[in-house]
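Chemist: fold the following.
(chains A, B, C and D)
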2 protein chains.
Amino acid sequence: MTKIDAARLWSLNHRLLMSVIATVAAEVGALGLEPKELFVLSEVDEHPYPAELAAALVMPKPSMTVYVKRLEAAGFLRREIDAADLRKHRLLITPAGRKVMQRGLTLLADAFAERLARLSAGEQAQLRGLLEKLC
Amino acid sequence: MTKIDAARLWSLNHRLLMSVIATVAAEVGALGLEPKELFVLSEVDEHPYPAELAAALVMPKPSMTVYVKRLEAAGFLRREIDAADLRKHRLLITPAGRKVMQRGLTLLADAFAERLARLSAGEQAQLRGLLEKLC
DNA sequence: TCCAGTTAGTTCAAGACTAAACCAGTTCAA
DNA sequence: TTGAACTGGTTTAGTCTTGAACTAACTGGA
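Modeler: Got it, this is the predicted structure:
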């Protein structure tokens, strides 16, 4: 694979993601959630602190502050001061948040699955394996 | 593959792209180019009109107006009115633009290749095939 | 020839994003 | 026990992005 091919690959991949997100944005919005907020929500279980979340999602801390605030105001997230380190805000998904997250992920997954359907089951498994190695 | 797995796959993929772009942003910036401008530049040959470009790159038209303006001001792009349709602006990459584009793509490709290096040559070819099917 | 409907591209105002600076709490070496 | 250096999170202030509305040019039917 030549160097320019790698960039081409990147670009293909990027276009794929952007078009998938564009198709679900409206439906996700109807849930009272921006797409980025959905991604934040979906990582809270695994990364329950804002700074961790920001690093995991490759976004700046101040942006995370904004998303967390909005999610909290919408009742999808609670936060409590961490007893062990008073600087930290431990994030907890509320039942409403979990419900909306699952719906949102389903919408996203459906849209993506529509693209994935162009691949056989074997190919889908391959893709998954390759991406996991890359991340 | 379950529905939520598809979302997970999406998220893995997204994170991969974002982290690659974050690592090259500074170097690309040194060329006098924002990463998004680089992507615009790299598609001009294939989609020489702003509206087409916007559709291909999945971004709104006003954003394209801004990028094209900047690229033109930087001397990386020229535009001329299309004789056959006076509404259209045909875009042309200048020699300076082409040079900077190739450098930028090389930077991006190198960063991505660093990740891709985790895959064997055969796996890289597989990935390429899969992504092409998806797009 | 009109003119209603479309399309290419732009403008502008409003909202989204983030770099820099900041405060509060923690850590650890002296 | 300091206090210098660091980390988590927020605020501020300025930049970037984009939806809505617009102008100009094209198209096709009457």
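
Chemist: going by C-alpha atoms from here, please, whenever you check contacts or count neighbours.
Modeler: Will do.

Chemist: centroid-nearest residue for chain A?
Modeler: Geometric centre of chain A, nearest residue: residue A:39, 2.4 Å, by C-alpha atoms, centre = their mean.

Chemist: low-scoring pLDDT stretches of chain A, where are they?
Modeler: For chain A, the stretches flagged by pLDDT under 70 are A:1-11.

Chemist: and it, which residues reach DNA strand C?
Modeler: Applying C-alpha under 7 Å from any atom of the strand, we find that chain A lies next to DNA strand C at A:36, A:59, A:60, A:62, A:63, A:66, A:84, A:85, A:86, A:87.

Chemist: what secondary structure does residue A:46 sit in?
Modeler: Here residue A:46 is recorded as coil under DSSP: H, G, I helix; E, B strand; the rest coil.

Chemist: what's the helix or strand for the residue nearest to the centre of chain A?
Modeler: Counting by DSSP states H and E, the element that carries residue A:39 is helix A:35-43.

Chemist: any residue of that helix touching DNA strand D?
Modeler: No - residues of helix A:35-43 contacting DNA strand D under C-alpha under 7 Å from any atom of the strand: none, with a closest distance of 12.0 Å.

Chemist: what residues does that helix touch?
Modeler: A:21, A:25, A:28-29, A:53, A:57, A:67, A:71, A:93, A:97, A:101, A:104-105, B:11 (C-alpha atoms under 8 Å, 6 or more residues apart in numbering or on different chains).

Chemist: and the strands in chain A, which stretches?
Modeler: Under the criterion DSSP state E, strands of chain A are mapped to A:77-81, A:89-93.

Chemist: with mean neighbour count and distance to DNA strand D added, can I get these in CSV?
Modeler: Below are these laid out as CSV (neighbours: other C-alpha atoms under 10 Å in any protein chain shown; distance: least, C-alpha to the nearest atom of the strand, whole Å):
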stretch, mean neighbour count, distance to DNA strand D
strand A:77-81, 16, 8
strand A:89-93, 19, 4
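
Chemist: all set now, cheers.
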